[in-house]
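[1] Below are the sequence and a predicted model; questions follow.
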2 protein chains.
Amino acid sequence: MKLHASFATLAHRLALGVLLLLSAHAEAQNDPLPSWNDGAAKQAILTLVKETTTPGSPRFVDPVARIATFDQDGTTWVEQPLYSQVVFAFHQLGVMAARDPKLKEVEPFKTVLSGDRKAIAKLTVPDLEKILAVTHTGMTVEVFQKSVQDWVTSAQHPRFHHLYTELVYQPMLEVMQYLRANGFKTYIVTGGGQDFVRVYSERVYGIPREQVVGSTAGTTFGYRDGKTELTKEPRDVRVDDKEGKPIGIHLMIGRRPLAAFGNSTGDQEMLEYTQDGGGMRLMMLVHHDDATREYAYGPESKIGTFSDALLAEAQKRGWVIISMKKDWKRIFAWEK
Amino acid sequence: MKLHASFATLAHRLALGVLLLLSAHAEAQNDPLPSWNDGAAKQAILTLVKETTTPGSPRFVDPVARIATFDQDGTTWVEQPLYSQVVFAFHQLGVMAARDPKLKEVEPFKTVLSGDRKAIAKLTVPDLEKILAVTHTGMTVEVFQKSVQDWVTSAQHPRFHHLYTELVYQPMLEVMQYLRANGFKTYIVTGGGQDFVRVYSERVYGIPREQVVGSTAGTTFGYRDGKTELTKEPRDVRVDDKEGKPIGIHLMIGRRPLAAFGNSTGDQEMLEYTQDGGGMRLMMLVHHDDATREYAYGPESKIGTFSDALLAEAQKRGWVIISMKKDWKRIFAWEK
């Protein structure tokens, strides 16, 4: 009897063990955020989705109002050592100078084309505006799209030696996919150019062009050889940063987001505007604290500032900080 | 034998008749456009959907590019005797004057509030702009939305004695539903106010707010009692009419439509821009030629002009004319 009982106990324990293993395996397979470590950040995302999408939940939100907005530079892809779009502009200037050598004789283009890093680092904001204007306007929408497409499918990041579009954060892609699987509409809301990001947003983020909200300038409608065309112009610039983000969200979406993701002072107003919609909302900030796998930068950084004031506001308002170091198992899809 | 043969023939005929009846019934039930009479217009819509959505078709279009744009006034709802939004503005002026009687002493408000139809008919474009500015700006987005909501759920059309939102064209609602059922994204692209139409677009057209492209003005971001708010401003006006429609489509959607529906010279550039995208596209114009059930108006009308020049362009370019009189079995859902 005793022997039988032991066998029974053993068999029972074995069966239980197999069940537990199977269950853990199933859970890992069903984990919608496999690149996230367990913790407050991951839990906040899971909780938002559960509470706002479970029928009968007191916090249930109608699918039409399930809007999630993501800043791009520093939130969904690498923004160091330079914003990708600035790298594109410098590159495009070279492409243009090859066709029109006179550009090489005019400042600030001359400095950029010289490749002199120290001189380039000293370029002023009006200099950068001139560079952006000449590389981003004065051509049709289609010609501009082609120039971005050429760059985005060939240019490599100086440190990672990968295409810039391969430097998107895998954990954020998982959040986007998870939200969409639960009836959310995902948007990029970026200080970067709307027409720039639209070139790769579908392929890289699964976000269609019409769900990209970014900085814009005017377009002129006209005809060439009897065909309609839109030409990009250096006027009527709308900067989609800081207070420009809620304004852009109202213009392009017309509804406060249910969840908003950022990483810098440029996202503060978007997160405030999201939270002030009332009810359950999720506001998250990516903190770049992983110099080994990506970059570590804070108030001292010239771009993507995560200032002390922003951190204080985040704590006061209960926004969730994402530590790249602690919360992300892996940062890039190609990481081992 | 003969008798038997006759019985057999009769039985066969009866069975065939029943089958035909059943089949006609099933067809009627499966008709995605039951308010349309058979004809070139209905066929053009069915053909577009079949050719662009059937896998393997040489004209198959990826779902992300299935964009359909609809003008509103005169294309999806009644625009006579006045644009609904002008009726709203006149009404709203009365609401505001009840709170602020000084408005009654200032022109052009005084004229509108007098109710003197002859004097109102003489108002100039700058007068109308002043009326639109005072009724559409200077308040938060939410306060404006509430004022539209109040009007749209109570005001009745002077001839039809129905809410304005009940004066949408049932055949066009069917087109929208049919396109969406086939993977199209449907947009309103209107000269009317984007913020105005968004108030009822979901309920009336099944079109979410973010798929309304209309005329816009600026908004200012600020704080009141520590909460973020957006205030509507009478600056940075973008008129979404004529060349403003392709510009608005590029701004808000970033892609040429596969199908575009209009009714006036204000839609001409949108239809040209659509067609010039190449491949199979559908451009349609609603012709108001039914004075009995709705209105009949052409070049002589002040609004919604269907000019001789537009008709000539439509014929030259192969755009499809929708005759309200001949193509539509019924115009309104409540019609008997």
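    Yep, it's here.

[2] can you give me the offset of the helix or strand containing residue A:274 from its chain's centre?
    Using DSSP states H and E, residue A:274 sits within helix A:268-275. Counting by C-alpha atoms, centre = their mean, to the nearest Å, helix A:268-275 is centred 16 Å from the centre of its parent chain.

[3] ok, the next helix or strand after that helix: who's next to it in the sheet?
    Per DSSP H and E, the first helix or strand lying C-terminal to helix A:268-275 is strand A:282-287. Strand pairing for strand A:282-287, using DSSP bridges, gives strand A:259-262 (parallel), strand A:320-323 (parallel).

[4] Neighbouring strands - and their directions - for the lengthiest strand in chain A?
    Secondary structure of chain A per DSSP state E: the longest strand is strand A:185-193. If you go by DSSP bridges, strand A:185-193 pairs up with strand A:67-70 (parallel), strand A:212-215 (parallel).

[5] Nearest to residue B:309, out of those?
    Closest to residue B:309 of those is strand A:212-215 (C-beta to C-beta; 36.7 Å). All C-beta spots, glycine's among them, are computed from the backbone N, C-alpha and C.

[6] Now that closest one: average pLDDT?
    The average pLDDT within strand A:212-215 is 98.

[7] Which elements pack onto the next helix or strand after that strand?
    From strand A:212-215 onward toward the C-terminus, using DSSP H and E, the following helix or strand is strand A:219-224. When contacts are defined as 3 or more C-beta pairs under 8 Å, 6 or more residues apart in numbering or on different chains; DSSP states H and E, strand A:219-224 packs onto strand A:227-232, helix B:244-252.

[8] out of these, deepest packed?
    The highest mean neighbour count among the helices and strands packed on strand A:219-224, using mean count of other C-beta atoms under 10 Å in any protein chain shown, belongs to helix B:244-252: a mean of 24.

[9] isn't residue A:72 right next to residue A:192, touching?
    Yes: shown here, residue A:72 and residue A:192 form a contact pair, counting by C-beta atoms under 8 Å, at 5.7 Å.

[10] what would the helices and strands packed on strand A:219-224 look like in TSV with distance to residue A:132 and mean pLDDT?
    Output for the helices and strands packed on strand A:219-224, formatted as TSV (distance: least, C-beta to C-beta, whole Å; pLDDT from 0 to 100):
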stretch	distance to residue A:132	mean pLDDT
strand A:227-232	11	98
helix B:244-252	18	98
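
[11] what pLDDT, on average, does the helix or strand where residue A:171 lies get?
    Using DSSP H and E, residue A:171 sits in helix A:170-181. Across helix A:170-181, pLDDT averages out at 98.

[12] mind listing what's buried in that helix?
    A:170, A:171, A:172, A:173, A:174, A:175, A:176, A:178, A:179 (16 or more other C-beta atoms under 10 Å in any protein chain shown).

[13] Same check on stretch A:310-327?
    A:310, A:311, A:313, A:314, A:319, A:320, A:321, A:322, A:323, A:324, A:325, A:327.

[14] Residue A:94: which of the residues you listed is nearest?
    Checking the buried residues of stretch A:310-327 one by one against residue A:94 (C-beta to C-beta), the nearest turns out to be residue A:324, at 32.6 Å.

[15] Throw the buried residues of helix A:170-181 into a markdown table and include distance to chain B, thanks.
    A markdown table is the format used below for those (distance: C-beta to the nearest C-beta, whole Å):
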| residue | distance to chain B |
| --- | --- |
| A:170 | 23 |
| A:171 | 25 |
| A:172 | 21 |
| A:173 | 18 |
| A:174 | 21 |
| A:175 | 20 |
| A:176 | 16 |
| A:178 | 21 |
| A:179 | 16 |
